[in-house]
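**Q** Kindly return the folded structure for what I paste below:
(4 chains)
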Protein chains: 2
Amino acid sequence: MRKATIKDVAKHAGVSTATVSYVLNGVEGKVSQETVEKIYKAIKELNYIQNFSAVSLVKKKSRLLGVIIPQTEDCKQLLLENPFYSEMISGIELKAREMGYHIILSGVDKGQSYLDVSVQRDLDGAIIMGIYQERFYEELKNVKIPIVLVDSYIHDKYFYKVGIDDEFGGYLATRHLIRNGHKKIALVTGSIRKDGVVEKRFLGYKKALREAGLFYNPDDVFENSVTYQHGLKIGRFLSETPRNITAVFATADLIALGVIRGMIETGKRVPEDYSVIGFDDIPISRIFIPSLTTIKQDIGDKGAKAAALLIQAIEEKTLSEPTREVLLTLDVIERQTVKNISIKD
Amino acid sequence: MRKATIKDVAKHAGVSTATVSYVLNGVEGKVSQETVEKIYKAIKELNYIQNFSAVSLVKKKSRLLGVIIPQTEDCKQLLLENPFYSEMISGIELKAREMGYHIILSGVDKGQSYLDVSVQRDLDGAIIMGIYQERFYEELKNVKIPIVLVDSYIHDKYFYKVGIDDEFGGYLATRHLIRNGHKKIALVTGSIRKDGVVEKRFLGYKKALREAGLFYNPDDVFENSVTYQHGLKIGRFLSETPRNITAVFATADLIALGVIRGMIETGKRVPEDYSVIGFDDIPISRIFIPSLTTIKQDIGDKGAKAAALLIQAIEEKTLSEPTREVLLTLDVIERQTVKNISIKD
DNA sequence: TTGTAGGCGTTATCAA
DNA sequence: TTGATAACGCCTACAA
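**A** Just a heads-up that it's a prediction; the model follows:
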């Protein structure tokens, strides 16, 4: 049987399509209570379900949110293997659903713009994770839909933003190590790009060092990718190459886990020989043995906040300056990978 | 500036909208080469992008795939914390994108049907992960779009399916333990529901036991949820309650990791005191220390296969019986959590 | 309070 | 080979 349309409902209820449309859109006080009930009854009986394509077409609103996440260079697969993104999506989806939106999840092919998708689908807004080339953002602006950037330091009033104070986070992590008596602290990190979160964490690291009167040595910085493998390599390297380092700050948990594994594989112990602190607090960090001391950000909440901000922007159109950007709090989660070495035992 | 429509393009190229539509849809040999070029030129110049809402409306095809994943009971958040699902999505999204589809990711509220979404959005098909109440599937059938069920043993010709041979997997895992000299093997698992994957793995466990002439003891089965916490509890319990068990088969890596942690926390060693084998081979399993011996299924590929199958069903309409179901291969990945105890040392 | 009718951007049928 | 034009399902002035 053909799907019921608004016309069927109208006929069934003995009214016009306009009237049905009114009640569908909740126009107050325009339709008599009696008619409203008749219409609801017809809707029930016919199993009528509104067609969003048609609504989008006329309203130019789709109740659809685009969510873009980075993908691996090579296999183009989404970076969902990074639990960080999964958790974000989870938060976004829930909030979006609660507010009556659906999300279209997608990666974006290299060099291709996202413009097509957003225009084609009449997206009401988009949430972008990861960082891209300048051009990408410029194109995005042309679509003229609200966009929230997650963890981006792009300076452009056009975009809404949600993130954390990465510099403070980096500072917090490093200070935690310093307070535990460490003086020679390596930084293992993804690539330090201008305006990226990693750069800020790096700044925080240097700041904590400076504040403690410690010497910043560029040779203690191991920059590569935000992967377990990178951590692994450096962990091995560190434990096999004596350079009197006692602690490492990894700018992502995934890296930290690699570092630890690398060290353990090469016969060292954590935290007895090396202290390690991570960043993010992804679920594995609690599970891992030893469980990882890290800087916690509430990732799921971050996703929810991003969705809420976006939807607010979509629906209210006009957001006051201060609310255009939301910053989440950070905490040091002490677990088992940092040892206080100032207490002699 | 208003977005260009097909009319603008037609006017700009000096032809009718019908002609533009022809070339847009690649109708062969209907339009002269000359006209085709004129139209492409106009499209370029006007930055014309097709509006999918309009297309969906008339074609009743949206090039949109629904992807449903389970959510946690309480917080309703998507089960994306389970890396298993993230990887699947990743595979689905990539394949879908390659084939010109987008995915709408969503959980489904308890008791609510997915019917609404699929009808509202004119979904071309859907991929369902997790298992739901009977009613849910019945409703789904009414939408009359192709649906692929992932890891489901629902017996209904209507649905397409992709999965693995879970019974064989359970058998493989248990046999691996047995071959390593273990005779008293506990099973730690999520809830064994009729027609669920867990039930099949459980069957495989029993089969391997039987085949080896070992006694199956219901007391060695610890059934609860597919969570790290459940594993943790049982790990502790096992190591604190002597019952001459030497190995455990956990029906999910997440559980296995919990078991190991529980044992280690209570002073036992893995694999010296207990051998543990998992199932799935999620990324953490390789990272974890000790790294987990497990049954590997190529999760990303599973997602890709699911998407490919679905799209094929959508586009060809008529799939021959045998191709309606795809089974992926399984492998034992030997790592560090199983010890051969038949070799005395 | 309700109905009429035009239009949203596209496709597709039928003529030309 | 191309062009009018009627749908598709819905919304919304405007009229009644």
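**Q** okay, CA-based contacts and neighbour counts for the rest of this
**A** OK.
**Q** For the stretch 51-200 of chain A, what lies in contact range of chain B?
**A** A:51-54, A:56-57, A:76-81, A:83, A:86-87, A:89-91, A:93-94, A:97, A:102-107, A:116, A:119-122 (CA under 8 Å from any CA of the partner chain).
**Q** which stretch of helix or strand covers the closest residue to A:M88 other than its chain neighbours?
**A** Among residues not flanking A:M88 along the chain, A:G303 sits closest, at 4.5 Å (CA to CA, 6 or more residues apart in numbering or on different chains). Assigning secondary structure by DSSP states H and E places A:G303 in helix A:299-316.
**Q** following that helix, which helix or strand comes up?
**A** By DSSP H and E, the next helix or strand past helix A:299-316 is strand A:325-328.
**Q** one step back: list the buried residues in the helix holding A:G303.
**A** A:299-311, A:313-314 (16 or more other CA atoms under 10 Å in any protein chain shown).
**Q** Let's verify A:V117: helix, strand, or coil?
**A** helix (DSSP: H, G, I helix; E, B strand; the rest coil).
**Q** and it, how many residues sit next to it?
**A** If you count neighbours by other CA atoms under 10 Å in any protein chain shown, A:V117 ends up with 19.
**Q** if I pick the closest residue to it other than its chain neighbours, what's in contact with it?
**A** Sequence neighbours aside, A:L123 is the residue nearest to A:V117 in space, at 7.9 Å (criterion: CA to CA, 6+ apart). The contact partners of A:L123, by CA atoms under 8 Å, 6 or more residues apart in numbering or on different chains, come to A:61-66, A:117, A:145.
**Q** can I assume A:A54 sits in a strand?
**A** No: judged by three-state DSSP, A:A54 forms no part of a strand; its state is helix.
**Q** Do I have it right that it meets B:A54?
**A** Yes: counting by CA atoms under 8 Å, B:A54 is a contact partner of A:A54 at 7.2 Å.
**Q** Contacts for the helix holding A:G303, please.
**A** A:84, A:87-96, A:124-127, A:145-148, A:150, A:160-163, A:280, A:319, A:324, A:326, A:328.
**Q** Now, of those, which are buried?
**A** Buried among the contacts of helix A:299-316 by 16+ other CA under 10 Å: A:84, A:87-96, A:124-127, A:145-148, A:150, A:160-163, A:280, A:324, A:326.
**Q** re the thing from before, among the buried residues of helix A:299-316, which one sits closest to B:K11?
**A** Within the buried residues of helix A:299-316, the smallest distance to B:K11 is 32.8 Å, found for A:I314 (CA to CA).
**Q** and the gap between the residue in the stretch 201-345 of chain A positioned nearest to DNA strand D and chain B?
**A** Of all residues in the stretch 201-345 of chain A, the one sitting closest to DNA strand D is A:E315 (13.6 Å; CA to the nearest atom of the strand). A:E315 sits at a distance of 20 Å from chain B (criterion: CA to the nearest CA, to the nearest Å).
**Q** cool, A:T174 as well?
**A** 24 Å.
**Q** what's the answer for A:N244, then?
**A** 25 Å.
**Q** got any ranges where chain A has weak pLDDT?
**A** A:1, A:28, A:72-81, A:110-111, A:317-322, A:343-345 (pLDDT under 70).
**Q** got the residue ranges for the strands in it?
**A** A:64-68, A:102-106, A:125-129, A:147-150, A:160-164, A:185-190, A:221-224, A:247-250, A:275-280, A:293-297, A:325-328, A:330-333 (DSSP state E).
**Q** and the ones you listed as CSV, adding distance to A:R2?
**A** Formatted as CSV, these follow (distance: least, CA to CA, whole Å):
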stretch, distance to A:R2
strand A:64-68, 25
strand A:102-106, 25
strand A:125-129, 32
strand A:147-150, 38
strand A:160-164, 43
strand A:185-190, 55
strand A:221-224, 57
strand A:247-250, 58
strand A:275-280, 50
strand A:293-297, 49
strand A:325-328, 47
strand A:330-333, 54
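**Q** just to revisit the earlier point, overlap between the contacts of helix A:299-316 and the residues near DNA strand D?
**A** Among the contacts of helix A:299-316, none lies close to DNA strand D by the criterion of CA under 7 Å from any atom of the strand.
**Q** before we move on, the earlier item: quick one, the helix holding A:G303 and strand A:275-280 angle?
**A** Interaxial angle of helix A:299-316 relative to strand A:275-280 (axes from the mean of the first three to the mean of the last three CA atoms, to 10 degrees): 20 degrees.
**Q** centre of the chain versus helix A:299-316, how much separation?
**A** 11 Å (CA atoms, centre = their mean, to the nearest Å).
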